[in-house]
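Undergrad: the following comprises the amino acid sequence and a computationally predicted model.
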Amino acid sequence: MKIENPNPIDWRFSERASQLQSSFIREILKITQRPEIISFAGGLPSPATFPVEQMKAAFDKVLTENGKVALQYGPTDGYPLLREWIANSLSTDSCKIKPEQVLMTSGSQQALDLLGKVLIDEGSRVLVETPSYLGALQAFSVYRPEFKSVATDDHGLVPSSIDPVADGARMLYALPNFQNPTGRSLSIERRVELVETCARLGIPLIEDDPYGALSYKGEPFPKMLNMNPDGVIYMGSFSKVLTPGIRLGYVVAPLPLVRRLELAKQAADLHTAQLTQMVVYEVIKDGFLDQHIPKIRTLYANQCQAMLDALTECFPSSVTWTKPEGGMFIWVTLPKHIDAMKLLDQAIAAKVAFVPGAPFYANEPETNTLRLSFVTVPPERIREGVAVLGKLIAAQL
């Protein structure tokens with residue numbers, strides 16, 4: 001029975017809900033679904049790297065041999081065998097990571113939300129790079145922190161710039177490897193200095209590492225987690241090395257913190273899907289990633305070089321860009337008077353898309369910057385799209 005003429009509801013949303021904002025990148029992606037658009041906008045891994053057959057076989061095996069367990073509720077902290085695999089993969093001779101330190105999450109985005117929920121009160125100081133990952137800024141913003149920007153240069157985060165903004169900071173969030181959005185990486189010397197600085201100041205350091213395995217040379221940097229496991233919170237994901245559709249990430253933290261994160265996760269979703277955790281473990285347990293990741297590196301390295309060559313050929317000399325040695329992104333700096341947001345409108349009209357740089361800044365955005373992603377665009381289309389952008393930029397000089 002339907003109620004006749006109900007009074008309209010005067011929706012009264014929480015103050016937190018009023019802080020929610022749509023991701024600028026997700027909004028751009030709606031436009032870039034059109035096949036005629038050459039899109040450098042999305043931070044999406046290439047579908048050519050997805051191990052469809054291996055995933056299909058693993059789903060079949062898990063459901064056939066252990067389906068009743070896979071389809072049941074699971075523990076909040078995650079599938080024990082997968083957590084043990086992660087702990088072993090992160091351990092070194094001098095630093096043993098325990099499975100109890102690993103919490104599985106529904107993508108690394110959930111890990112960011114849980115960390116914000118557990119560590120941030122309204123007005124808490126949070127230190128971030130300049131620029132920083134938009135998804136982290138979005139996740140933390142819900143909890144109303146006071147963002148303080150840590151200086152960066154062509155080599156990434158500058159550890160010596162932390163002290164002036166460190167007072168009362170609850171955390172420092174950093175992406176040390178092939179950073180999103182800039183593609184920059186921290187040297188070993190800067191990693192050591194960053195870990196030592198945060199330890200001296202008593203600031204938890206979040207090491208977000210979704211791209212670390214994607215070094216084109218196959219030479220991964222040492223993890224800051226292993227330098228100070230009592231003060232570094234490590235975030236990882238299977239999105240960039242397997243597939244993002246499974247939404248499977250993890251956070252590794254000191255035991256007092258990981259227990260709090262587990263309680264927050266219980267309240268959020270009880271647990272991450274047991275089926276997908278068991279499937280991923282089945283795929284990776286016998287060394288599949290050792291053969292699979294080098295193929296991703298080769299593909300991305302070739303497409304990155306195609307874009308770097310196109311930028312050199314097609315962009316005016318007054319434009320500069322990063323030259324990443326891994327990952328998925330190139331960061332472009334335009335002459336000061338060019339607004340990348342306005343350039344985007346012109347580019348979309350010319351059937352090319354990118355992400356303006358301003359949304360990646362917590363404070364004082366630089367409007368003459370933009371991010372280009374090359375991994376989902378074939379080389380011939382990369383050159384075509386870059387040539388279009390080069391002409392649009394040259395017209396404004």
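TA: Sure, I can see it.
Undergrad: now the helices for the stretch 151-300 of the chain?
TA: For the stretch 151-300 of the chain, the helices defined by DSSP state H, counting those that start in this stretch occupy 188-201, 224-227, 255-269, 274-284, 288-314.
Undergrad: what helices and strands are in contact with the last one?
TA: Spelled out, it's helix 288-314. The contact analysis (3 or more C-beta pairs under 8 Å, 6 or more residues apart in numbering; DSSP states H and E) places helix 288-314 against strand 329-333, helix 379-394. Heads up, the C-betas are built off the backbone N, CA and C, glycines and all.
Undergrad: circling back to that earlier point, in a markdown table, list the helices of the stretch 151-300 of the chain along with mean neighbour count.
TA: Formatted as a markdown table, the helices of the stretch 151-300 of the chain follow (neighbours: other C-beta atoms under 10 Å):
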| stretch | mean neighbour count |
| --- | --- |
| helix 188-201 | 17 |
| helix 224-227 | 22 |
| helix 255-269 | 16 |
| helix 274-284 | 23 |
| helix 288-314 | 16 |
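Undergrad: what's the closest of the ones you listed to residue 56?
TA: Of all these, helix 274-284 sits nearest to residue 56, with 9.7 Å by C-beta to C-beta.
Undergrad: contact partners of that closest one?
TA: 51, 54-55, 58-59, 61-63, 66, 69-74, 78-79, 81-82, 85, 104, 238, 242, 246-248 (C-beta atoms under 8 Å, 6 or more residues apart in numbering).
Undergrad: returning to what we had before: could you identify which of the helices and strands packed on helix 288-314 is most buried?
TA: Ranked by mean neighbour count under mean count of other C-beta atoms under 10 Å, the helices and strands packed on helix 288-314 are led by strand 329-333, which reaches a mean of 22.
Undergrad: CA atoms only for that one, dumped as CSV, please.
TA: The C-alpha coordinates for strand 329-333 follow below in CSV (Å, rounded to 0.1, in the frame of the first residue of the first chain):
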residue,chain,number,x,y,z
PHE,A,329,52.6,9.7,-14.7
ILE,A,330,54.4,12.7,-16.2
TRP,A,331,54.0,16.2,-14.5
VAL,A,332,54.0,19.2,-16.8
THR,A,333,54.7,22.8,-15.8
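Undergrad: residue 333 and residue 321, how far apart?
TA: According to C-beta to C-beta, to the nearest Å, residue 333 stands 7 Å off from residue 321.
Undergrad: next: residue 311.
TA: Distance of residue 311 to residue 321, computed by C-beta to C-beta: 6 Å.
Undergrad: what is in contact with these two at once?
TA: Common neighbours of residue 311 and residue 321 (criterion: C-beta under 8 Å, 6+ apart): 330, 332.
Undergrad: lowest average confidence, helix or strand, in the protein?
TA: Every helix and strand in the chain was compared by mean pLDDT, DSSP states H and E; the lowest is helix 24-32, with a mean of 66.
Undergrad: immediately after it, which helix or strand?
TA: Next in sequence after helix 24-32, counting helices and strands by DSSP states H and E, comes strand 38-39.
Undergrad: remind me which residues of the stretch 1-150 of the chain are low pLDDT?
TA: The stretch 1-150 of the chain contains residues with pLDDT under 70 at 1, 19-29, 31-32.
Undergrad: helices of that one, residue ranges please.
TA: 15-18, 24-32, 52-70, 80-90, 108-119, 134-141.
Undergrad: same list, those helices, but as TSV with mean neighbour count and distance to residue 39 please.
TA: Conversion of the helices of the stretch 1-150 of the chain to TSV gives the following (neighbours: other C-beta atoms under 10 Å; distance: least, C-beta to C-beta, whole Å):
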stretch	mean neighbour count	distance to residue 39
helix 15-18	9	31
helix 24-32	16	4
helix 52-70	14	22
helix 80-90	18	32
helix 108-119	23	21
helix 134-141	22	17
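Undergrad: and the ones you listed: which comes nearest residue 349?
TA: Closest among the helices of the stretch 1-150 of the chain, using C-beta to C-beta: helix 24-32, at 11.0 Å.
Undergrad: which residues does residue 310 contact?
TA: Contacts for residue 310 (C-beta under 8 Å, 6+ apart) come out as 382, 383, 386, 387.
Undergrad: pLDDT score for the first one?
TA: By that I understand residue 382. Note on residue 382: pLDDT of 98.
Undergrad: likewise for the third one?
TA: The predicted local distance difference test score for residue 386 is 98.
Undergrad: which residue is the nearest non-sequential neighbour of it?
TA: Leaving out its chain neighbours, the residue that sits closest to residue 386 by C-beta to C-beta, 6 or more residues apart in numbering is residue 310, at 3.8 Å.
Undergrad: how much space between the one you found and residue 38?
TA: Going from residue 310 to residue 38 by C-beta to C-beta gives 11 Å.
Undergrad: please apply the same query to residue 118.
TA: Distance from residue 118 to residue 38, by C-beta to C-beta: 41 Å.
Undergrad: can you check residue 383 too?
TA: Using C-beta to C-beta, one gets 10 Å for the distance from residue 383 to residue 38.
Undergrad: kindly report the same for residue 226.
TA: Noted for residue 226: a distance of 41 Å to residue 38, by C-beta to C-beta.
Undergrad: again with residue 258
TA: From residue 258 over to residue 38 the distance is 43 Å, taken as C-beta to C-beta.
Undergrad: and for residue 84?
TA: Distance, residue 84 to residue 38, using C-beta to C-beta: 44 Å.
Undergrad: next, the contact list for residue 146, please.
TA: For residue 146, the contacting residues are 123, 124, 125, 126, by C-beta under 8 Å, 6+ apart.
Undergrad: what do you get if the cut-off is 6 Å, keeping everything else the same?
TA: Going by C-beta atoms under 6 Å, 6 or more residues apart in numbering, residue 146 touches 123, 125.
Undergrad: ok, the one 4 residues further on next?
TA: If you count contacts by C-beta under 6 Å, 6+ apart, residue 150 has them with 127, 129, 157, 161, 162.
Undergrad: ditto for residue 183
TA: If you count contacts by C-beta under 6 Å, 6+ apart, residue 183 has them with 322, 324, 327, 329, 330, 331.
Undergrad: how about 10 Å then?
TA: If a contact means C-beta atoms under 10 Å, 6 or more residues apart in numbering, then residue 183 has 156, 177, 211, 304, 321-331, 371-373 as its contacts.
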